[in-house]
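Sequence first, then the predicted structure, then my questions.
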2 protein chains.
Amino acid sequence: MFSKTCKYGLRAVLYLASQAQEDHKLGVKQVAAALEVPQPFLAKLLQQLARVQIISSAKGPNGGFYLSDKNLVANLRQVVECLDGPDVFSSCILGLPSCSSANPCPLHQQAVAYRNSLLDVMERQTIREVAQRIGAPEYAQSPLSLLIKKDNQP
Amino acid sequence: MFSKTCKYGLRAVLYLASQAQEDHKLGVKQVAAALEVPQPFLAKLLQQLARVQIISSAKGPNGGFYLSDKNLVANLRQVVECLDGPDVFSSCILGLPSCSSANPCPLHQQAVAYRNSLLDVMERQTIREVAQRIGAPEYAQSPLSLLIKKDNQP
DNA sequence: AGAATAAAAGACTTTTTTATCTTTTTTTTA
DNA sequence: TAAAAAAAAGATAAAAAAGTCTTTTATTCT
(Lines give C-alpha, C1' and ligand atoms only; values in the text may rest on other atoms or scores of the structure.)
Protein backbone atom coordinates (compact mmCIF):
# COMPACT_ATOMS: atom_id res chain seq x y z
CA MET A 1 0.00 0.00 0.00
CA PHE A 2 2.05 2.93 1.25
CA SER A 3 5.86 2.83 1.32
CA LYS A 4 7.70 2.28 4.58
CA THR A 5 8.77 5.90 4.52
CA CYS A 6 5.15 6.88 4.40
CA LYS A 7 4.04 4.55 7.19
CA TYR A 8 6.87 5.72 9.43
CA GLY A 9 5.91 9.29 8.58
CA LEU A 10 2.25 8.82 9.44
CA ARG A 11 3.11 7.15 12.72
CA ALA A 12 5.60 9.86 13.59
CA VAL A 13 3.17 12.65 12.78
CA LEU A 14 0.47 11.06 14.93
CA TYR A 15 2.95 10.48 17.72
CA LEU A 16 4.15 14.06 17.61
CA ALA A 17 0.59 15.34 17.44
CA SER A 18 -0.32 13.46 20.58
CA GLN A 19 2.91 13.88 22.56
CA ALA A 20 4.65 17.11 21.55
CA GLN A 21 3.76 20.77 21.84
CA GLU A 22 5.52 23.97 20.95
CA ASP A 23 6.84 24.14 24.50
CA HIS A 24 7.66 20.43 24.60
CA LYS A 25 9.36 19.47 21.38
CA LEU A 26 10.60 15.97 20.74
CA GLY A 27 13.95 15.03 19.18
CA VAL A 28 14.35 12.45 16.45
CA LYS A 29 16.01 10.15 18.94
CA GLN A 30 13.00 10.06 21.22
CA VAL A 31 10.50 9.59 18.42
CA ALA A 32 12.57 6.88 16.77
CA ALA A 33 12.93 5.01 20.05
CA ALA A 34 9.23 5.25 20.85
CA LEU A 35 8.09 4.06 17.43
CA GLU A 36 10.91 1.53 16.99
CA VAL A 37 11.93 2.98 13.67
CA PRO A 38 15.47 3.55 12.30
CA GLN A 39 16.59 6.88 13.66
CA PRO A 40 18.57 8.42 10.75
CA PHE A 41 15.89 7.33 8.32
CA LEU A 42 13.22 8.97 10.42
CA ALA A 43 15.34 12.11 10.67
CA LYS A 44 15.42 12.56 6.92
CA LEU A 45 11.74 11.98 6.57
CA LEU A 46 10.84 14.41 9.33
CA GLN A 47 13.03 16.98 7.63
CA GLN A 48 11.09 16.49 4.43
CA LEU A 49 7.85 17.07 6.28
CA ALA A 50 9.26 20.10 8.09
CA ARG A 51 10.55 21.62 4.85
CA VAL A 52 7.02 21.80 3.44
CA GLN A 53 5.66 22.83 6.84
CA ILE A 54 3.47 19.83 7.49
CA ILE A 55 5.25 19.63 10.83
CA SER A 56 7.27 22.24 12.70
CA SER A 57 10.84 22.07 13.94
CA ALA A 58 13.41 24.08 15.87
CA LYS A 59 17.16 23.65 16.14
CA GLY A 60 19.36 23.92 19.18
CA PRO A 61 18.90 22.87 22.78
CA ASN A 62 15.26 22.18 23.63
CA GLY A 63 14.71 22.00 19.91
CA GLY A 64 12.98 19.19 18.09
CA PHE A 65 9.78 18.49 16.21
CA TYR A 66 6.17 19.30 17.06
CA LEU A 67 2.89 20.24 15.41
CA SER A 68 1.65 23.80 15.58
CA ASP A 69 -2.09 24.51 15.85
CA LYS A 70 -2.07 25.12 12.13
CA ASN A 71 -0.33 21.79 11.52
CA LEU A 72 -2.90 19.99 13.68
CA VAL A 73 -5.89 21.04 11.58
CA ALA A 74 -4.34 19.69 8.38
CA ASN A 75 -5.02 16.12 7.30
CA LEU A 76 -3.00 12.99 6.66
CA ARG A 77 -3.39 13.12 2.90
CA GLN A 78 -0.69 15.78 2.78
CA VAL A 79 1.69 13.59 4.73
CA VAL A 80 1.18 10.76 2.25
CA GLU A 81 1.51 12.97 -0.80
CA CYS A 82 4.65 14.57 0.58
CA LEU A 83 6.35 11.21 1.17
CA ASP A 84 4.94 8.95 -1.54
CA GLY A 85 4.32 11.53 -4.25
CA PRO A 86 1.13 13.20 -5.44
CA ASP A 87 -0.14 10.33 -7.58
CA VAL A 88 -0.83 7.72 -4.91
CA PHE A 89 -4.47 8.68 -4.79
CA SER A 90 -5.08 9.04 -8.49
CA SER A 91 -2.98 6.53 -10.42
CA CYS A 92 -4.61 3.62 -12.26
CA ILE A 93 -4.92 0.38 -10.31
CA LEU A 94 -3.44 -1.50 -13.30
CA GLY A 95 -0.69 1.07 -13.76
CA LEU A 96 -1.96 2.27 -17.13
CA PRO A 97 -0.81 5.86 -17.68
CA SER A 98 -3.59 6.67 -20.13
CA CYS A 99 -6.40 5.38 -17.90
CA SER A 100 -9.01 8.00 -16.98
CA SER A 101 -12.76 8.29 -16.67
CA ALA A 102 -12.87 9.25 -20.36
CA ASN A 103 -10.64 6.31 -21.23
CA PRO A 104 -11.22 3.76 -18.47
CA CYS A 105 -9.47 0.45 -17.86
CA PRO A 106 -11.82 -2.45 -17.07
CA LEU A 107 -11.41 -1.84 -13.34
CA HIS A 108 -11.63 1.93 -13.44
CA GLN A 109 -15.28 2.35 -12.42
CA GLN A 110 -14.97 0.11 -9.39
CA ALA A 111 -11.59 1.49 -8.46
CA VAL A 112 -13.15 4.90 -7.98
CA ALA A 113 -15.11 3.60 -5.01
CA TYR A 114 -12.04 2.13 -3.42
CA ARG A 115 -10.06 5.31 -3.99
CA ASN A 116 -12.77 7.43 -2.39
CA SER A 117 -12.73 5.20 0.67
CA LEU A 118 -9.02 5.68 0.97
CA LEU A 119 -9.27 9.43 0.55
CA ASP A 120 -11.99 9.41 3.16
CA VAL A 121 -9.65 7.76 5.64
CA MET A 122 -6.80 10.15 4.98
CA GLU A 123 -8.64 13.38 4.35
CA ARG A 124 -11.92 13.59 6.23
CA GLN A 125 -10.43 13.92 9.70
CA THR A 126 -7.81 16.35 10.92
CA ILE A 127 -4.53 15.11 12.32
CA ARG A 128 -5.68 16.34 15.72
CA GLU A 129 -8.84 14.26 15.56
CA VAL A 130 -6.98 11.09 14.67
CA ALA A 131 -4.26 11.72 17.25
CA GLN A 132 -6.81 12.33 20.00
CA ARG A 133 -8.14 8.83 19.55
CA ILE A 134 -4.81 7.38 20.59
CA GLY A 135 -5.49 8.25 24.20
CA ALA A 136 -9.18 7.28 24.20
CA PRO A 137 -10.30 4.27 26.29
CA GLU A 138 -11.19 2.05 23.32
CA TYR A 139 -7.67 2.55 22.03
CA ALA A 140 -5.95 2.05 25.36
CA GLN A 141 -4.40 -1.18 24.13
CA SER A 142 -3.63 -0.02 20.63
CA PRO A 143 -0.15 -0.42 19.18
CA LEU A 144 0.64 3.28 19.12
CA SER A 145 -0.46 3.65 22.73
CA LEU A 146 1.64 0.72 23.73
CA LEU A 147 4.66 2.34 22.18
CA ILE A 148 3.93 5.55 23.97
CA LYS A 149 3.51 3.78 27.27
CA LYS A 150 6.74 1.91 26.78
CA ASP A 151 8.37 5.30 26.44
CA ASN A 152 6.64 6.99 29.36
CA GLN A 153 6.71 4.22 31.93
CA PRO A 154 10.26 2.90 32.01
CA MET B 1 -0.55 0.37 -4.30
CA PHE B 2 0.29 -2.92 -5.99
CA SER B 3 3.83 -3.74 -7.12
CA LYS B 4 4.75 -3.52 -10.79
CA THR B 5 4.90 -7.29 -10.91
CA CYS B 6 1.31 -7.39 -9.75
CA LYS B 7 0.08 -4.76 -12.19
CA TYR B 8 1.80 -6.51 -15.09
CA GLY B 9 0.28 -9.77 -13.87
CA LEU B 10 -3.25 -8.39 -13.70
CA ARG B 11 -2.97 -6.88 -17.15
CA ALA B 12 -1.54 -10.08 -18.59
CA VAL B 13 -4.25 -12.22 -17.02
CA LEU B 14 -6.98 -9.97 -18.39
CA TYR B 15 -5.32 -9.91 -21.78
CA LEU B 16 -5.03 -13.69 -21.88
CA ALA B 17 -8.60 -14.08 -20.68
CA SER B 18 -9.87 -11.94 -23.52
CA GLN B 19 -7.51 -13.05 -26.29
CA ALA B 20 -6.39 -16.63 -25.68
CA GLN B 21 -8.20 -19.97 -25.57
CA GLU B 22 -7.08 -23.53 -25.08
CA ASP B 23 -6.87 -23.91 -28.87
CA HIS B 24 -5.24 -20.52 -29.32
CA LYS B 25 -2.52 -20.09 -26.73
CA LEU B 26 -0.36 -17.01 -26.58
CA GLY B 27 3.41 -16.98 -26.06
CA VAL B 28 5.18 -14.64 -23.65
CA LYS B 29 6.61 -12.75 -26.58
CA GLN B 30 3.18 -11.87 -27.95
CA VAL B 31 1.75 -10.87 -24.58
CA ALA B 32 4.80 -8.79 -23.69
CA ALA B 33 4.66 -6.98 -27.02
CA ALA B 34 0.93 -6.29 -26.74
CA LEU B 35 1.12 -4.97 -23.18
CA GLU B 36 4.45 -3.21 -23.64
CA VAL B 37 6.00 -4.96 -20.69
CA PRO B 38 9.53 -6.40 -20.34
CA GLN B 39 9.41 -9.87 -21.82
CA PRO B 40 11.66 -11.94 -19.51
CA PHE B 41 10.12 -10.29 -16.49
CA LEU B 42 6.65 -11.15 -17.68
CA ALA B 43 7.79 -14.70 -18.37
CA LYS B 44 8.80 -15.28 -14.77
CA LEU B 45 5.59 -13.84 -13.44
CA LEU B 46 3.41 -15.91 -15.78
CA GLN B 47 5.30 -18.98 -14.64
CA GLN B 48 4.50 -18.12 -11.04
CA LEU B 49 0.83 -17.85 -11.91
CA ALA B 50 0.91 -21.08 -13.91
CA ARG B 51 2.65 -22.97 -11.10
CA VAL B 52 -0.28 -22.34 -8.76
CA GLN B 53 -2.72 -22.90 -11.62
CA ILE B 54 -4.22 -19.44 -11.74
CA ILE B 55 -3.47 -19.57 -15.45
CA SER B 56 -2.73 -22.54 -17.72
CA SER B 57 0.27 -23.19 -19.92
CA ALA B 58 1.66 -25.71 -22.39
CA LYS B 59 5.17 -26.23 -23.67
CA GLY B 60 6.31 -26.91 -27.20
CA PRO B 61 5.09 -25.74 -30.58
CA ASN B 62 1.67 -24.10 -30.39
CA GLY B 63 2.28 -23.89 -26.69
CA GLY B 64 1.83 -20.79 -24.59
CA PHE B 65 -0.48 -19.40 -21.93
CA TYR B 66 -4.25 -19.28 -21.72
CA LEU B 67 -7.06 -19.44 -19.18
CA SER B 68 -9.12 -22.59 -18.85
CA ASP B 69 -12.85 -22.37 -18.04
CA LYS B 70 -11.94 -23.07 -14.46
CA ASN B 71 -9.36 -20.28 -14.48
CA LEU B 72 -11.92 -17.86 -15.90
CA VAL B 73 -14.36 -18.21 -13.02
CA ALA B 74 -11.71 -17.39 -10.43
CA ASN B 75 -11.17 -13.79 -9.34
CA LEU B 76 -8.37 -11.26 -9.41
CA ARG B 77 -7.71 -11.43 -5.70
CA GLN B 78 -5.81 -14.65 -6.23
CA VAL B 79 -3.62 -13.05 -8.84
CA VAL B 80 -2.72 -10.26 -6.43
CA GLU B 81 -2.10 -12.58 -3.50
CA CYS B 82 0.06 -14.84 -5.64
CA LEU B 83 2.29 -11.99 -6.82
CA ASP B 84 2.28 -9.55 -3.90
CA GLY B 85 1.84 -11.98 -1.03
CA PRO B 86 -1.20 -12.87 1.06
CA ASP B 87 -1.07 -9.84 3.36
CA VAL B 88 -1.85 -7.06 0.89
CA PHE B 89 -5.51 -7.13 1.83
CA SER B 90 -5.10 -7.46 5.55
CA SER B 91 -2.03 -5.59 6.74
CA CYS B 92 -2.31 -2.46 8.87
CA ILE B 93 -2.37 0.83 6.97
CA LEU B 94 0.29 2.19 9.35
CA GLY B 95 2.35 -0.99 9.11
CA LEU B 96 1.84 -1.96 12.74
CA PRO B 97 2.20 -5.75 13.08
CA SER B 98 0.11 -5.94 16.22
CA CYS B 99 -2.81 -3.94 14.84
CA SER B 100 -6.13 -5.81 14.75
CA SER B 101 -9.78 -5.19 15.52
CA ALA B 102 -9.07 -6.22 19.11
CA ASN B 103 -6.06 -3.94 19.22
CA PRO B 104 -6.76 -1.22 16.67
CA CYS B 105 -4.50 1.59 15.46
CA PRO B 106 -6.20 4.99 15.28
CA LEU B 107 -7.01 4.45 11.60
CA HIS B 108 -8.11 0.83 11.89
CA GLN B 109 -11.87 1.36 11.94
CA GLN B 110 -11.90 3.56 8.86
CA ALA B 111 -9.34 1.44 7.09
CA VAL B 112 -11.77 -1.47 7.18
CA ALA B 113 -14.10 0.37 4.82
CA TYR B 114 -11.32 1.10 2.37
CA ARG B 115 -10.11 -2.47 2.50
CA ASN B 116 -13.58 -3.82 1.79
CA SER B 117 -13.86 -1.56 -1.23
CA LEU B 118 -10.61 -2.93 -2.53
CA LEU B 119 -11.64 -6.51 -1.92
CA ASP B 120 -14.87 -5.75 -3.68
CA VAL B 121 -13.00 -4.63 -6.77
CA MET B 122 -10.75 -7.64 -6.83
CA GLU B 123 -13.06 -10.36 -5.58
CA ARG B 124 -16.69 -9.71 -6.49
CA GLN B 125 -16.34 -10.27 -10.23
CA THR B 126 -14.85 -13.22 -12.03
CA ILE B 127 -11.88 -12.77 -14.35
CA ARG B 128 -14.19 -13.59 -17.24
CA GLU B 129 -16.59 -10.79 -16.27
CA VAL B 130 -13.85 -8.21 -16.06
CA ALA B 131 -12.19 -9.39 -19.26
CA GLN B 132 -15.48 -9.28 -21.18
CA ARG B 133 -15.75 -5.57 -20.50
CA ILE B 134 -12.59 -4.94 -22.48
CA GLY B 135 -14.43 -5.53 -25.74
CA ALA B 136 -17.63 -3.70 -24.76
CA PRO B 137 -18.52 -0.43 -26.55
CA GLU B 138 -18.00 1.83 -23.53
CA TYR B 139 -14.49 0.47 -23.26
CA ALA B 140 -13.70 0.66 -26.96
CA GLN B 141 -11.15 3.38 -26.32
CA SER B 142 -9.73 1.95 -23.12
CA PRO B 143 -5.99 1.43 -22.74
CA LEU B 144 -6.12 -2.34 -22.78
CA SER B 145 -8.27 -2.33 -25.90
CA LEU B 146 -5.89 0.03 -27.58
CA LEU B 147 -3.06 -2.33 -26.89
CA ILE B 148 -5.03 -5.22 -28.26
CA LYS B 149 -5.93 -3.30 -31.40
CA LYS B 150 -2.36 -2.27 -31.92
CA ASP B 151 -1.53 -5.96 -31.89
CA ASN B 152 -4.38 -7.12 -34.14
CA GLN B 153 -4.44 -4.36 -36.74
CA PRO B 154 -0.88 -3.79 -37.90
C1' DA C 1 14.11 -40.08 -34.39
C1' DG C 2 15.36 -35.25 -35.07
C1' DA C 3 14.48 -30.41 -35.41
C1' DA C 4 11.97 -26.67 -33.87
C1' DT C 5 9.24 -24.35 -30.49
C1' DA C 6 8.08 -22.57 -26.26
C1' DA C 7 7.75 -22.83 -21.18
C1' DA C 8 10.60 -23.64 -16.81
C1' DA C 9 14.31 -22.71 -14.10
C1' DG C 10 18.14 -20.43 -12.37
C1' DA C 11 21.96 -17.13 -12.33
C1' DC C 12 23.02 -12.54 -12.89
C1' DT C 13 22.64 -7.16 -13.35
C1' DT C 14 20.55 -2.78 -12.60
C1' DT C 15 17.66 0.36 -10.23
C1' DT C 16 15.07 1.86 -6.39
C1' DT C 17 14.10 1.82 -1.69
C1' DT C 18 15.60 1.54 2.81
C1' DA C 19 19.03 2.47 6.09
C1' DT C 20 23.46 4.51 7.99
C1' DC C 21 27.17 7.65 8.78
C1' DT C 22 29.50 12.17 8.79
C1' DT C 23 29.70 16.98 8.56
C1' DT C 24 27.58 21.52 8.85
C1' DT C 25 24.49 24.98 10.59
C1' DT C 26 21.57 27.02 13.95
C1' DT C 27 20.16 27.98 18.54
C1' DT C 28 20.34 28.02 23.48
C1' DT C 29 22.34 28.54 27.81
C1' DA C 30 25.92 28.79 31.06
C1' DT D 1 31.61 34.08 24.01
C1' DA D 2 32.23 29.16 24.28
C1' DA D 3 30.11 24.70 24.75
C1' DA D 4 26.39 21.79 23.98
C1' DA D 5 22.28 20.37 21.73
C1' DA D 6 19.70 19.34 17.94
C1' DA D 7 18.11 19.85 13.15
C1' DA D 8 19.83 20.08 8.18
C1' DA D 9 22.32 18.34 4.60
C1' DG D 10 24.88 15.28 1.99
C1' DA D 11 27.54 11.13 1.04
C1' DT D 12 27.66 6.23 1.46
C1' DA D 13 25.99 1.27 2.18
C1' DA D 14 22.74 -2.59 2.27
C1' DA D 15 18.54 -4.78 0.86
C1' DA D 16 14.73 -5.40 -2.09
C1' DA D 17 12.46 -4.95 -6.42
C1' DA D 18 12.74 -4.84 -11.25
C1' DG D 19 14.74 -6.40 -15.23
C1' DT D 20 17.99 -9.51 -18.26
C1' DC D 21 20.39 -13.49 -19.89
C1' DT D 22 21.44 -18.48 -20.33
C1' DT D 23 20.46 -23.19 -19.93
C1' DT D 24 17.25 -27.00 -19.41
C1' DT D 25 13.03 -29.54 -20.18
C1' DA D 26 8.85 -30.81 -22.46
C1' DT D 27 6.06 -31.02 -26.61
C1' DT D 28 4.85 -31.09 -31.36
C1' DC D 29 5.52 -31.87 -36.10
C1' DT D 30 7.93 -33.59 -39.98
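On my side now, so go ahead.

What segments of chain A are helices?
For chain A, helices defined by DSSP state H occupy the ranges A:4-19, A:28-35, A:39-51, A:69-72, A:76-84, A:108-123, A:127-135, A:143-152.

Name the spans of chain A whose pLDDT lies under the cut-off.
A:140-141, A:143, A:145-154 (pLDDT under 70).

on that earlier part again, winner for burial among the helices of chain A?
Stretch with highest mean neighbour count among these: helix A:4-19 (a mean of 22; mean count of other CB atoms under 10 Å in any protein chain shown). Every residue, glycine included, has its C-beta placed from N, CA and C.

Flag every residue of chain A that's near DNA strand D.
Residues of chain A lying close to DNA strand D (CB under 7 Å from any atom of the strand) are A:25-29, A:40, A:43-44, A:46-47, A:50-51, A:57-65.

ok, and which of those reach DNA strand C?
Among the residues of chain A next to DNA strand D, DNA strand C is touched by A:40, A:43, A:44, A:58, A:59, A:60, A:61, A:62, A:63 when using CB under 7 Å from any atom of the strand.

re earlier: minimum distance to residue B:110: which of the helices of chain A has it?
helix A:108-123 (4.4 Å; CB to CB).

elements contacting that closest one?
helix A:76-84, helix B:108-123 (3 or more CB pairs under 8 Å, 6 or more residues apart in numbering or on different chains; DSSP states H and E).

I'd like those helices as CSV, with distance to DNA strand C appended.
Below are the helices and strands packed on helix A:108-123 laid out as CSV (distance: least, CB to the nearest atom of the strand, whole Å):
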stretch, distance to DNA strand C
helix A:76-84, 8
helix B:108-123, 19
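
which residues sit in contact with the closest residue to residue A:4 other than its chain neighbours?
Spatial nearest neighbour of residue A:4, chain neighbours left out: residue B:95 (6.9 Å); criterion: CB to CB, 6 or more residues apart in numbering or on different chains. Each residue near residue B:95 by CB atoms under 8 Å, 6 or more residues apart in numbering or on different chains is listed here: A:2, A:4, A:7, A:8, A:11.
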